[in-house]
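>>> Curious how this folds, go ahead:
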Amino acid sequence: MKFVAISDTHGLHRKLKVPEGDVLIHGGDFCHYGSSDKLVDFLDWFKSLDFEYKILIAGNHDFFAAEHPNEFQELIPPSIIYLEDSGIEIKGVKFWGSPVQPDLIGWAFGRERGPGMKAHWDLMPNKIDVLITHTPPKGILDRTTYGKSIGCEELHKKIPRIRPKFHVFGHVHASYGQRAINETTFINASNINSRLGLVNKPVCFELGGE
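Residues are numbered from 1 along each chain as shown. Below you'll find the predicted structure:
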């Protein structure tokens, strides 16, 4: 199966050129400040894309998803798979996704570092092929424009136990790219650059399924 990973489109999704594939993954921050009209426009666009499967998680800018979870779930079309501390298996490939990120208390899905984040990662099953989180793990594609590492320490600890084949995230726009460490390929799929706009291309990868 061919996967296409995008993230942090911040309301600019209609300007994004999305390549063909089988599974489309969005790593959160699909809205900029989360208004319902922008959300509906994003969902209309996302469902219209020609992929067999479309997987979505939220991020710290997606306030409507965090503050009105029931209404948000009702807006999601059946063709979109939304993951929030939950998983799904597609053709033998196991996915798990979470929108939480450390420190940004007062933003959508913000949690305190340490136990506040660990509680979410403890929900992960032991076997995940494609992990999707909004936050990067600490020290991996998580440096801001100013060089500060802001990823999650507890997630970094969890990765060696889960050993996903791919870990897709966003959140830190300045660290767009890929890095392979041991058996995991880490992908910061942030499409937006905070200074230059929507300039980063979707990231493609392949993984065999049934």
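
>>> What ranges in the chain fall below the confidence cut-off?
Across the chain, residues meeting the criterion (pLDDT under 70) sit at 34-35, 209-210.

>>> how about the helices in it?
Assigned by DSSP state H, the chain shows helices spanning 36-48, 63-67, 69-75, 115-121, 153-162.

>>> Count the neighbours of the residue nearest to Arg113 when sequence neighbours are not counted for me.
Leaving aside its sequence neighbours, Arg113 sits nearest to Pro102 (Cβ to Cβ, 6 or more residues apart in numbering; 4.5 Å). (Glycine included, C-beta is placed from N, CA and C.) Close neighbours of Pro102, defined as other Cβ atoms under 10 Å, add up to 20.

>>> swap in the one 10 residues further on?
By the other Cβ under 10 Å criterion, the neighbourhood of Glu112 contains 10 residues.

>>> Now for it: which residues touch it?
By Cβ atoms under 8 Å, 6 or more residues apart in numbering, the contact set of Glu112 is 102-103, 105.

>>> nearest to Leu141, of these?
Taking Cβ to Cβ as the measure, Leu141 lies nearest Pro102 of the contacts of Glu112, at 15.3 Å.

>>> about what we covered before: surely the residue nearest to Arg113 touches Pro115?
No - Pro102 is beyond contact range of Pro115, at 11.2 Å (criterion: Cβ atoms under 8 Å).

>>> The closest residue to Thr185 other than its chain neighbours and Ala66: what is the separation?
Once flanking residues are discounted, Thr185 sits nearest to Phe166: 5.2 Å by Cβ to Cβ, 6+ apart. For Phe166, the distance to Ala66 (Cβ to Cβ, to the nearest Å) stands at 26 Å.

>>> Settle it for me: which of those two has more neighbours?
Applying other Cβ under 10 Å to Phe166 and Ala66 shows that Phe166 carries more neighbours, namely 24 against 20.

>>> Tell me which residues touch the more buried one, please.
Phe166 makes contact with 3, 129-131, 184-187, 205, 207, according to Cβ under 8 Å, 6+ apart.

>>> hmm, back to that, possible to save the contacts of Glu112 as CSV with distance to Ser7?
Below are the contacts of Glu112 laid out as CSV (distance: Cβ to Cβ, whole Å):
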residue, distance to Ser7
Pro102, 17
Asp103, 18
Ile105, 22
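
>>> can you pull the contacts of the spatially most central residue of the chain?
In the chain, the centroid-proximal residue (Cα atoms, centre = their mean) is Gly27; its distance is 1.8 Å. Taking Cβ under 8 Å, 6+ apart, we find Gly27 in contact with 5-8, 57, 59, 132-134, 168-171, 189-190.

>>> My read is that His13 contacts Phe30, right?
Yes - counting by Cβ under 8 Å, His13 does reach Phe30; the two are 6.7 Å apart.
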